[in-house]
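Chemist: Sequence first, predicted model second:
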Amino acid sequence: MIYVTHDQVEAMTLATRIVVLANKGIAQVGTPLELYERPENEFVAQFIGSPAMNLLSGKIVETGAQTKVPLDGGGTAISNAPSVAGDMGAVVNVGVRPEDLVQSSGDYIFEGKVDFVETLDEVTLLYMETVGSDTSVIGKLAGTHKDMRGQAIRFFAVPEKVQVFKDGQSLYYA
């Protein structure tokens, strides 16, 4: 059966396979989990998931089975997305889903000041500006978190949850 919808929650709930259309063509075809965990491009990365995936810019400084990217706003991302020697120095966007961010007192992907807090019963959304950059970032923490507005906070994400997009395309599919 083919079912057409603009509602991503409906699509993710009902579908066994999804065809994401964008720019007069197919952006990606896959199971709901494939689209969520391994988006092929920045469009799918930000279209699937709520809130959308955070994208932070940086340059690749280490290539291989893992890719290391110091970010423009400070912090460093390490991803399991493989890269090749020719990717060295490439300007990329690092993608991290809000729910994959964890508070950190050590290594971090970014540090930001909490501008706004949205408490949604079982989760709290933190809207932040990245230190040293004008990039907005959303963090999604389990539970209720009070008195976080105005606080500086650091977030980390494990390498298997960090995406890297070069020229809008995921390194996982390069």
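Modeler: Arrived safely.

Chemist: The chain: strands as residue ranges?
Modeler: 18-22, 25-30, 54-59, 67-70, 76-79, 91-96, 102-103, 110-120, 123-130, 136-142, 152-156, 163-166, 169-170 (DSSP state E).

Chemist: Include distance to residue 43, mean pLDDT and mean neighbour count when you put these into TSV, please.
Modeler: For the C-beta atoms, the positions are set from N, CA and C on the backbone; glycine is no exception. Formatted as TSV, the strands of the chain follow (distance: least, Cβ to Cβ, whole Å; pLDDT from 0 to 100; neighbours: other Cβ atoms under 10 Å):
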stretch	distance to residue 43	mean pLDDT	mean neighbour count
strand 18-22	5	94	15
strand 25-30	5	96	14
strand 54-59	11	95	20
strand 67-70	20	98	22
strand 76-79	19	97	22
strand 91-96	11	97	23
strand 102-103	26	93	14
strand 110-120	22	92	17
strand 123-130	22	91	19
strand 136-142	18	93	18
strand 152-156	24	94	19
strand 163-166	10	98	23
strand 169-170	10	97	18
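
Chemist: what residues are up against the residue nearest to the spatial centre of the chain?
Modeler: Centroid-nearest residue in the chain, with Cα atoms, centre = their mean: residue 96, separated by 2.3 Å. Applying Cβ atoms under 8 Å, 6 or more residues apart in numbering, one finds that residue 96 lies in contact with 53-54, 56, 77, 109, 157, 161-163.
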